[in-house]
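K.L.:
just to be clear, the model below is a prediction. Sequence and coordinates:
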Amino acid sequence: MRYKSPRLTPIGMAHTPFAEPRDVEYPRRTLGTIEIYSSYEEGLKDIEGFSHIYILWQFHKSDTRYELQFCPMREAIPPPRGLFATRSPHRVNPIALTIVRLLSRDDRILHVKGVDMVDGSPVLDIKPYTRRDRKSRISNGWLDEVERRER
């Protein structure tokens, strides 16, 4: 049986101060809005009760070429890292996941903090971030080594 690839329909658009991927800086502090298209506004009912939400979005300005192993920009020296162990926007499927703080809702506009997407990025889905999503004991893999060297 052949696998049928799902069709993804944007439900909205991100509005941020970042024009290009290289412009994304200090996303934890960056304010933005998520505009939900009017045909999906009804699905926002009760969202304002959550402090944080997941935004699933598309890397619409990302280069479609990718390498399965490469040296990430943050660590431009070997050893190469596996694509799936990085947050590179150059992916097999150009999709991204961001957790943002939901500051307020104004009809179909969500005011958020912590955006790391380029202005105009298509939003594919929104899900509430809940207590059961929190993890207390995490490992940052190879990034722990990089952070130790940067101190």
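P.N.:
Perfect, thanks for sending it. The structure presented is a predicted model; accordingly, all values stated were derived computationally and were not measured.
K.L.:
which strand in this structure runs the most residues?
P.N.:
Longest strand in the chain, counting residues (DSSP state E): strand 95-106.
K.L.:
strands of the protein, residue ranges please.
P.N.:
With strands called from DSSP E, the chain shows them at 12-15, 31-36, 52-58, 69-70, 81-82, 95-106, 109-113, 122-128.
K.L.:
same for the fifth one, what does it pack against?
P.N.:
Of the remaining helices and strands, those touching strand 81-82 by 3 or more Cβ pairs under 8 Å, 6 or more residues apart in numbering; DSSP states H and E are strand 69-70. Glycine gets a C-beta too; all of them are placed from N, C-alpha and C.
K.L.:
show me what the strand it packs on is packed against.
P.N.:
strand 81-82.
K.L.:
report the rounded mean pLDDT for the strand it packs on.
P.N.:
Throughout strand 81-82, pLDDT has a mean value of 90.
K.L.:
what residues does it touch?
P.N.:
With contacts defined as Cβ atoms under 8 Å, 6 or more residues apart in numbering, strand 81-82 is touched by 68-72, 75, 142.
K.L.:
enumerate every residue touching Thr30.
P.N.:
16-18, 113-116.
K.L.:
tell me the one of the residues you listed nearest Ser88?
P.N.:
Asp116 (12.9 Å; Cβ to Cβ).
K.L.:
wait, that closest one sits on Pro27?
P.N.:
Yes - using Cβ atoms under 8 Å, Asp116 is in contact with Pro27, at 3.6 Å.
K.L.:
could you name every residue contacting both of the two?
P.N.:
Counting by Cβ under 8 Å, 6+ apart, the shared contacts of Asp116 and Pro27 are Thr98.
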